[in-house]
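Participant: show me how the following folds:
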Amino acid sequence: MRLEQLSAAFLMMILAASCAGPGGNGIIQTETPARPAGVESVLGLTVPAMDTVRVGFVGLGMRGADAVSRYTCIPGVKITALCDVEADRVEDSNKRLEAAGFPKAACYSGSTEAYRRLCEREDVDLVYVCTDWKSHVPIALYAMEHGKNVAVEVPAAASLEDIWALVDMSEKTRKHCMMLENCCYDFFEMTVLTMAQKGVLGEIIHGEGSYHHNLDPFWDAYWNNWRLDFNRTHKGDVYPTHGLGPVCQVMGIHRGDRFKTLVAMETGAVNGPKHVEARTGEKCDDFQNGDLTMTMISTEKGRTILVEHDVMTPRPYDRMYQIVGSEGYAGKYPVRQLCLRENAREGAAVDYSDLGGEKIYSGESLDRLMEQYRNPVLTPELEALAREVGGHGGMDFIMDYRLIYCLRNGLPLDMDVYDMAEWCCLTELGKISMENGNAPVEVPDFTRGEWNRLEGFSYAFAEAE
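Facilitator: Residues are numbered from 1 along each chain as shown. Sure thing, here's the model as predicted:
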């Protein structure tokens, strides 16, 4: 089912969610549309194991071309098709394949609709989408509609309408729709996830995650200026998933806990209009996205999350990854730190008495503790390969490797369509909050009542090669 085929009733339901007024408790209510008859949840979805995963790439700019190169280093992969609007990008990626000893792939280019022919091929199992943000949803829907599993770059969607369309299509076709959130595979975040699941940090009560990245050197690198245009036309946190995803995994969101409400606020748009004027000569007085956006989330279990987005100021790069537990703390920015209460450190590999008054693990003591709680997926051999292949220090490679490993072994993916929905919904729900005086907004249950059927995130990392 394509977006244009959505029923009038469904569209009215989405509109009601966007425009709903405060309920009796002052919280703006949203709607969770009923699951269509005969369709089941895809929580824990598996597809038949594939000896070889045949991959088609759509979007071969910087992200897509680098992904093609990484995939030549993953066992069990055959790259069968390449697609981009620009023909020279397709040819460049084919040269990368040849240089790595792979056969040339089928080529599609010259139109924003060229991806359709790739999705219609019989020899594609996985469509890997790295296009501009506005193209993610139609490509993913078309791919699933044609029997393909989908991996979509972040953010996969920005509106509730698009999010529900992806959820419904994944449930209808029983095909994977995974968002490519690479920061979940950062080595520090993976280790903290393992520590949290082993109870080392005690009961998790709070998390923080953000995207602070001065994009001044990069705005002109985006095809047809799409990223600046997106910030100009969208209010809310338009890029929430890098910081939010790893926090949600630690908290087991839709695996024993769920988002309940959020409140969002923003600064004025100071730098955005300047960027538009510098590039177009046009005076911009309609820039929607504030220089800094903050979103606060409460969960069903009484936990809290703070998320920030800032790509407009000179602030240094920072994902603000912080996990606060009743017995311990882990944080990566501005420096890596772990703090544990003495009764939470069973089996720790260092002398706790040497850590100072605040009991902070850092330097060699931190390295030893991190090695002790190494995520079982991140074997020393795989970590070494990831660092060699690269991709944001290796986390991109781990993400791709895990995706293919799970498909080849018929396992649930580490991130599912509900993760995509929950992590992306901050954009529109934040906008609703801001436009209503920073009022609290109810977060829909994208699992439709199954958020506590599974407990914890560890099942996704249970299998390691």
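Participant: from here on, contacts and neighbour counts on C-alpha atoms
Facilitator: OK.
Participant: off-centre distance for the host helix or strand of residue 247?
Facilitator: Assigned by DSSP states H and E, residue 247 belongs to helix 241-251. Mean-position distance between helix 241-251 and its chain equals 8 Å (CA atoms, centre = their mean, to the nearest Å).
Participant: check stretch 87-101 too.
Facilitator: With CA atoms, centre = their mean, you get 27 Å for stretch 87-101.
Participant: which residues touch it?
Facilitator: The contact list for stretch 87-101, computed with CA atoms under 8 Å, 6 or more residues apart in numbering, reads 60-61, 65, 68-69, 72, 82-84, 103-105, 107-110.
Participant: most neighbours out of the residues you listed, which is it?
Facilitator: The residue in the contacts of stretch 87-101 with the most neighbours, by other CA atoms under 10 Å, is residue 83 (32 neighbours).
Participant: is that residue in a bridge, and if so with what?
Facilitator: Residues in a beta bridge with residue 83, per DSSP bridges, are residue 58, residue 108.
Participant: for the helix holding residue 247, packing partners?
Facilitator: helix 187-197, strand 204-212, helix 417-424 (3 or more CA pairs under 8 Å, 6 or more residues apart in numbering; DSSP states H and E).
Participant: what are the contacting residues of the helix or strand that it is followed by?
Facilitator: Where DSSP H and E defines the elements, the next helix or strand beyond helix 241-251 is strand 259-266. The set of residues that contact strand 259-266 without belonging to it, under CA under 8 Å, 6+ apart, is 27, 236, 253, 290-300, 422, 429-431, 433-434, 438-445.
Participant: with stretch 64-79 instead?
Facilitator: So stretch 64-79 is in contact with 51-59, 89, 93, 96-97, 100, 102, 105, 129-131, 389-391, 397, 400-401, 404, 408, going by CA under 8 Å, 6+ apart.
Participant: send the alpha carbons of it over as PDB?
Facilitator: Output of stretch 64-79 as PDB, limited to C-alpha atoms (Å, rounded to 0.1, in the frame of the first residue of the first chain):
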ATOM      1  CA  GLY A  64      25.800   5.200   0.200                       C
ATOM      2  CA  ALA A  65      29.200   4.900  -1.600                       C
ATOM      3  CA  ASP A  66      31.000   4.200   1.700                       C
ATOM      4  CA  ALA A  67      28.400   1.500   2.500                       C
ATOM      5  CA  VAL A  68      29.100  -0.200  -0.800                       C
ATOM      6  CA  SER A  69      32.800  -0.400   0.100                       C
ATOM      7  CA  ARG A  70      32.100  -1.800   3.500                       C
ATOM      8  CA  TYR A  71      29.800  -4.500   2.100                       C
ATOM      9  CA  THR A  72      32.600  -5.900   0.000                       C
ATOM     10  CA  CYS A  73      34.300  -6.900   3.400                       C
ATOM     11  CA  ILE A  74      31.300  -8.800   4.800                       C
ATOM     12  CA  PRO A  75      30.900 -12.500   4.300                       C
ATOM     13  CA  GLY A  76      27.800 -13.800   2.500                       C
ATOM     14  CA  VAL A  77      27.000 -10.700   0.500                       C
ATOM     15  CA  LYS A  78      26.300 -10.300  -3.200                       C
ATOM     16  CA  ILE A  79      25.800  -6.700  -4.500                       C
END
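Participant: show me which positions of that stretch end up buried.
Facilitator: Buried residues in stretch 64-79, counted by 16 or more other CA atoms under 10 Å: 64-72, 74, 76-79.
Participant: related to what we said a few turns ago, helices - which of the contacts of stretch 64-79 land there?
Facilitator: 89, 93, 96-97, 389, 397, 400-401, 404, 408 (DSSP state H).
Participant: on that earlier part again, drop anything exposed from the contacts of stretch 64-79.
Facilitator: With burial judged by 16+ other CA under 10 Å, the buried subset of those is 53-59, 89, 93, 96-97, 105, 129-131, 389-391, 397, 400-401, 404, 408.
Participant: the most centrally placed residue in the chain: what's it in contact with?
Facilitator: The chain has residue 181 as the residue nearest its centroid, 3.4 Å off, counting by CA atoms, centre = their mean. Neighbour list for residue 181: 153-154, 241-242, 245, 399 [criterion: CA under 8 Å, 6+ apart].
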